[in-house]
Each structure stands twice: as C-alpha cells, then as structure tokens.
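J.: Sequence isn't available, so here's the structure alone:
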C-alpha cells in the first residue's frame, strides 16, 4: 500500500484504493473526478458547437470497443489507471424480468468479467433502479398496492433472477426515490445555466435549442421541429420534472409538487455516485434514443462539459421466431422463471456467448440446442481429460508438443478476440479448436497395457478451460459435492468409494472379457474363448446392472476402450435445468 497526492487539492490518498484488484471507495474516486473538473474549469473553456464524439485522453486498457457515440470501433481509455467507471440502466420494477432482460444483463456481466479477469480492470458498476414510473403507478392501482410496495416486490425478484443467472451484483444500485433531492438539485443546476425552463403546470423541460448540441448519439429527424406543441418551446424538449397529477406520488420542489422525469433520474444518480466524468455507459439498443441522448445532453449541460460519458455500448434485441423484438408491450415475453424451467443457467450463458453482444439474437429451440451441444462437448472433454489425468482413461502417448503449442495459440487468440469488442464468438471458436485436438489425442488407441501418461500437459489445458469458462464466462461446472448437495467431507468420501468401485468393476470386466489373460487366450481355440466368455457372462451382466443402478442414483459410469471413468450423470435428474448444472 502506498500514498499518492491529488494534484488538484494536494490531499493524500492510499494508492491501494484505485488498484486493479482492490475495492475502490466511490467517495474517493468521485473526489478525484470533481477536483479534476474544477481544475479544468479554472483554466477557462468554451463549448464546442459540434455534436461529434471527442476521443478522450486517458489510460489505454488494451481493449477496443464499438462506441455508439462515434459509430466506430475505438480504443477504450479510462480516466484513472486500472479503474473503469460504468453506469448501466437498470430495470423499471413494475413486473417480472423476461429473457430479453436476461440476455442484456448476462452479456454485460460477461463483458464485466472480461474486463476484470482478463484485463485486470477494477470495474465500479452502478445499476440504476427506476422505482417510480407511470407503469409502476398503474400496476399499483391494478394490484391495490402502493407504488413503493410494487417496486420493492419486483426489485427483490429482479435481483433473485440475476443471482440465479450468475450475474455479479453491481457496486451500487441506487433507487430513484432515494435520490429525489439530488435530482431536484440537478434540475436547478440546468435551469441556472439557462438550459431548462419551467411551465405553468409545474413541469420543467430541457431546452434543446438553447443547448445547441442535441443529436450526438442519434441522427435527428428534422421534420420533428415542424410539429406543433402547446407547452414546450420545441417538440424535442423533454421533461426533467413532471408536475403532479391527481392520485400519483409526488415530492415538493421549487416548481411545485411533482416527480422526476425518466431521463434525468439516471443522469443525477450516475453523477452523484461517479462524478463529472464517466468512462462507460450501457443499455439495450432501444435506449440509444431518446434516453441516452437525453442523459448525455443533461449531464453536459449540468457539468458544463463537452462530453460527459466517453463510451457507450448497447446490446442488440432478443427476439422469438417471427418477431422483431421481445417486449412486454408486445405481449411476447418469456419470464426468466419460465426460461430456467426448461434450460439451465449454463445453457443460457453459453447461448449468450454464441452471438456478438451488438447483434440481434433469435431465441428458438434450435439456437438453444446449439448452445446445449457446445456445453456438452466442453463437459465431455473435461470429463475425459480428468479421467486420463487420474489414470482411468488409457490411450497412446499424447503429442505433447502439439498440445502445448495449441494451448499457447488458444490463449493468444482468445485474449485477442475478447480485446476486439468483446468477441466471444471467435474466442469460443478458439476454445473448441483446442478441445477438438485434445479429444483427438485422447482417442488414440494402443494395444499396450502399460502406457506412460502426460498428465501435466492435459492438466494445463483443463485448468485454462475451467478458468475461462468459470471465471470469465460465468459457466459453472460444480464439484461432486456441489452437484449432489453433499458436504466437502462426504464428497471426498464419495470420490474414494467410487474410485474403488470402478477399480473393482474394471477388474471383473477384464476377467469376464478375458482382457488380462494373454497366456490363456494364446492356448485357447476361438470356440473355447467363446465358451469361456459365455461362462463368465453373468459377471459381465452384473457389471452392467451396477452401472444402471448407479445411474439411477445420479452417478454415471463410462466404459471405453482405454478404461472406465465416472461422473455425475447428465440424465440422472431429468430436466435440462437440473442435469446440466449438476454435470461435473
């Protein structure tokens, strides 16, 4: 741990607070951002007339991403070394989350894991919770509950769903209702800069013409300006504060009772927690305009900066077959609960990896079957590789040089792909190529009964694949203890028992099949060998019965040319949701 001095205020702070692996305190980070902005303003500045994106100065992360604001792929640079500040639009908590939400948040979770686990970035992620909205108010009337009760119910359900999907919790999840004073202050700040105005019903609107730089995120439709409006100066102006309506929740403000507008909620909460400069902002592609356009305009106006957020990324729509997008308003949604009744978390996360985050994705039985097939290939390889490492699978000597070279190439390809706008498709292709070579080597047969093993090379491959799948992609292959809900001690005992069972069963099978009786087979005629096998057939049948009995308990035995191994059974529990998560 070291000490660093802030250039703006000469305050001392621990350098560990902004290290790539530490938990940064948001207040210290916000302090630096605000001081830096004050220092910049003290030098004097003028507003740019252009709506163009400004390439920021900062610390190169080694990642390139497609920035919606620049409409191009650019280098990701952070304001602080090793630290990335990220705001993402969270749910409006008026109903259950659906698989379109699941896709969006799982893909952002994968990107976050890539940043932290592959590129050593300390990511401070803020997820805004909209807990007051027209939809929440309507749902409250429908259920005869208060808006607060509705919001609390669905917020809790949302985070339970995210936990089940293995989406990492955000650093902070502010609620709009807890930040109304900050939102009012934010609105006053924009009014003081002559960039917003109040109207007779107590509402406040952002003045897009006075701002002069509206349209940074999205090309503007000039015909909109010709539309007639009674209350606003321009049809493009949007509400910062909404005057109260009868029967709706409201807060007191300088303009009368009311509640926040949608767009300013995110701007005020993000600014309050993360300061005057934001590295990254994300959301679904449907939020680019007007929501994110308005957020950027509000923040630039309030902070008096040319650019508030340096990078914007957006996830493509999820659609079902024959539809354009999945949406509650279109009544074509599938809840996360329904998803997980049919498919495992691993299968869905693999499904998310098989498409680029910016692309539209079609949710069909075919696309989920493809994800399931990839998952099965990965699991099967790891199972066979560990069986080889543990001496349960015998094969001809491995080409260690080829395997080591392939592992090195795969690591390079994967990191290069993930550094290129988080291309999980190419990264996964590289992993599957490595698995294909590993399978090819493990399937090489030999007539020798005493074979040397190259366990170290295969273990290195397994270690890398497990790290990538588990830590970076969030695909969890549980231990036997986890899969069968056993304690660690019981799981260890089961391993020892099953290894002994497999060893004894293998000896019985070899005896029944005359596999280890070379001298006997040499003196027996084909007819005598056949008779011997028939005589020992009950032993072979007993081995098969043991295999079937163990399968019913959730343990699968695999007999193959090179030996016998065991695992937690894929078919043992029935549904895909249960079995795929239980596979070892």
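T.: Sure thing, it's come through. Quick caveat: nothing in here was measured; it's all calculated off a predicted structure.

J.: so what's residue 85 up against?
T.: 29, 78, 79, 124, 126, 274, 275, 277, 278, 279, 280 (CB atoms under 8 Å, 6 or more residues apart in numbering). The C-beta positions use only the backbone N, C-alpha and C, and glycine is treated the same way.

J.: Save these as CSV, and put in pLDDT too.
T.: What follows is these, written out as CSV (pLDDT from 0 to 100):
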residue, pLDDT
29, 48
78, 98
79, 97
124, 99
126, 99
274, 97
275, 95
277, 96
278, 98
279, 99
280, 99
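
J.: Now flag whichever of the residues you listed is closest to residue 156.
T.: residue 126 (19.1 Å; CB to CB).

J.: Helix, strand, or coil at that closest one?
T.: At residue 126, secondary structure determined by DSSP: H, G, I helix; E, B strand; the rest coil is strand.

J.: How about it: which residues does it bridge to?
T.: Applying DSSP bridges to residue 126 gives these bridge partners: residue 87, residue 172.

J.: wait, isn't it in contact with residue 88?
T.: Yes: counting by CB atoms under 8 Å, residue 126 touches residue 88, with 7.4 Å between them.

J.: Overlap in contacts, these two.
T.: By CB under 8 Å, 6+ apart, residue 126 and residue 88 have these common neighbours: residue 170.

J.: quick one on the thing from earlier: who wins on neighbours among the contacts of residue 85?
T.: Comparing those on neighbour count, residue 278 comes out first with 26 neighbours (neighbours: other CB atoms under 10 Å).

J.: Need the nearest residue in space to that one, chain neighbours excluded.
T.: Using CB to CB, 6 or more residues apart in numbering and skipping residues adjacent in sequence, the residue nearest residue 278 is residue 309, 4.3 Å away.

J.: Any idea how many residues pack against that neighbour?
T.: The number of residues packed near residue 309 is 27, by other CB under 10 Å.

J.: how close does it get to residue 276?
T.: Using CB to CB, to the nearest Å, residue 309 is found at 11 Å from residue 276.

J.: for the stretch 251-400 of the chain, what are the low-confidence residue spans?
T.: By pLDDT under 70, the low-scoring segments of the stretch 251-400 of the chain are 323-325, 328-331.

J.: Let me see the ranges of the helices in it.
T.: 262-274, 293-303, 336-342, 345-353, 365-389, 400-419 (DSSP state H, counting those that start in this stretch).

J.: Just send these back as a markdown table, with distance to residue 93 too.
T.: Shown next, in a markdown table, are these (distance: least, CB to CB, whole Å):
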| stretch | distance to residue 93 |
| --- | --- |
| helix 262-274 | 13 |
| helix 293-303 | 19 |
| helix 336-342 | 14 |
| helix 345-353 | 22 |
| helix 365-389 | 27 |
| helix 400-419 | 32 |
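
J.: who touches the spatially closest residue to residue 357 that is not a sequence neighbour in this structure?
T.: Nearest residue to residue 357, sequence neighbours excluded (CB to CB, 6+ apart): residue 107, at 4.5 Å. Residues in contact with residue 107, defined by CB under 8 Å, 6+ apart, are 315, 352, 357.

J.: try 10 Å this time
T.: Listed by CB atoms under 10 Å, 6 or more residues apart in numbering, the contact partners of residue 107 are 167, 282, 313, 315-316, 318, 349, 352-353, 355-358, 361, 422, 424.

J.: In strands, which of these appear?
T.: Among the contacts of residue 107, the members found in strands (DSSP state E) are 282, 313, 315, 318, 361.

J.: Among the contacts of residue 85, which one lies nearest to residue 227?
T.: Closest to residue 227 out of the contacts of residue 85 is residue 278 (31.9 Å), distances taken as CB to CB.

J.: Mind checking which of the contacts of residue 85 are in strands?
T.: When DSSP E is applied, these are split such that 78, 124, 126, 278, 279, 280 fall in strands.

J.: so the residue nearest to residue 278 sits right up against residue 299, yeah?
T.: Yes: using CB atoms under 10 Å, residue 309 is in contact with residue 299, at 7.3 Å.

J.: so where's the stretch 101-250 of the chain shaky on pLDDT?
T.: Residues of the stretch 101-250 of the chain that meet the criterion pLDDT under 70 lie in 223-226, 228.

J.: buried sites along stretch 546-561?
T.: Neighbour-count burial for stretch 546-561, with 16 or more other CB atoms under 10 Å as criterion, is recorded at 547, 550, 554, 555, 556, 557, 558, 560.

J.: same question, stretch 459-471
T.: Buried residues in stretch 459-471 (16+ other CB under 10 Å): 461, 462, 464, 465, 468, 469.

J.: Need the residues that contact that stretch.
T.: Applying CB under 10 Å, 6+ apart, the contact partners of stretch 459-471 are 113, 116-118, 166, 346, 349-350, 353, 375, 378-379, 381-382, 385-386, 388-389, 403-404, 406-407, 410-411, 414, 418, 427-428, 430-431, 434-435, 437-438, 441, 455, 473, 475-477.

J.: Show the buried residues in those.
T.: Here, 16+ other CB under 10 Å leaves 113, 116-118, 166, 346, 349-350, 353, 375, 378-379, 381-382, 385-386, 388-389, 403, 406-407, 410, 414, 418, 427-428, 430-431, 434-435, 437-438, 441, 455, 473, 475, 477 buried among the contacts of stretch 459-471.

J.: Domain parsing of this structure, as residue ranges.
T.: Following automatic domain parsing, the chain resolves into domains at 46-353, 364-476, 478-584.

J.: just the ones you listed: most buried one?
T.: domain 46-353 (a mean of 19; mean count of other CB atoms under 10 Å).

J.: roughly how far is that domain from the heart of the chain?
T.: Centroid separation for domain 46-353 versus its chain: 18 Å, with CA atoms, centre = their mean, to the nearest Å.

J.: Let me see the backbone angles for the residue most central in space within the chain.
T.: For the chain, residue 109 is the residue whose C-alpha lies nearest the centre (CA atoms, centre = their mean; 2.3 Å). Backbone torsions of residue 109, given as degrees, to the nearest 10, read phi -60, psi -40.

J.: does it really touch residue 475, like I thought?
T.: No: counting by CB under 10 Å, residue 109 stays clear of residue 475, with 11.6 Å between them.

J.: any idea how far residue 511 is from residue 114?
T.: For residue 114, the distance to residue 511 - CB to CB - is 52 Å.

J.: about what we covered before: export the ones in strands among the contacts of residue 85 to CSV and tack on distance to residue 340?
T.: Below are the ones in strands among the contacts of residue 85 laid out as CSV (distance: CB to CB, whole Å):
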residue, distance to residue 340
78, 35
124, 29
126, 27
278, 33
279, 33
280, 29
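
J.: between those, which is nearest residue 96?
T.: Nearest to residue 96 out of the ones in strands among the contacts of residue 85 is residue 126 (CB to CB; 23.2 Å).

J.: Show me the strands in the stretch 51-200 of the chain, by range?
T.: 59-67, 72-78, 83-92, 122-130, 196-198 (DSSP state E, counting those that start in this stretch).

J.: want to throw those strands into a markdown table with distance to residue 259?
T.: Output for these, formatted as a markdown table (distance: least, CB to CB, whole Å):
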| stretch | distance to residue 259 |
| --- | --- |
| strand 59-67 | 33 |
| strand 72-78 | 35 |
| strand 83-92 | 14 |
| strand 122-130 | 11 |
| strand 196-198 | 15 |
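
J.: just so I know, which of the ones you listed lies nearest residue 211?
T.: strand 196-198 (9.1 Å).

J.: before we move on, the earlier item: of all the buried residues of stretch 546-561, which two lie farthest apart?
T.: Applying CB to CB across these, the maximum distance is between 554 and 560, 20.5 Å.
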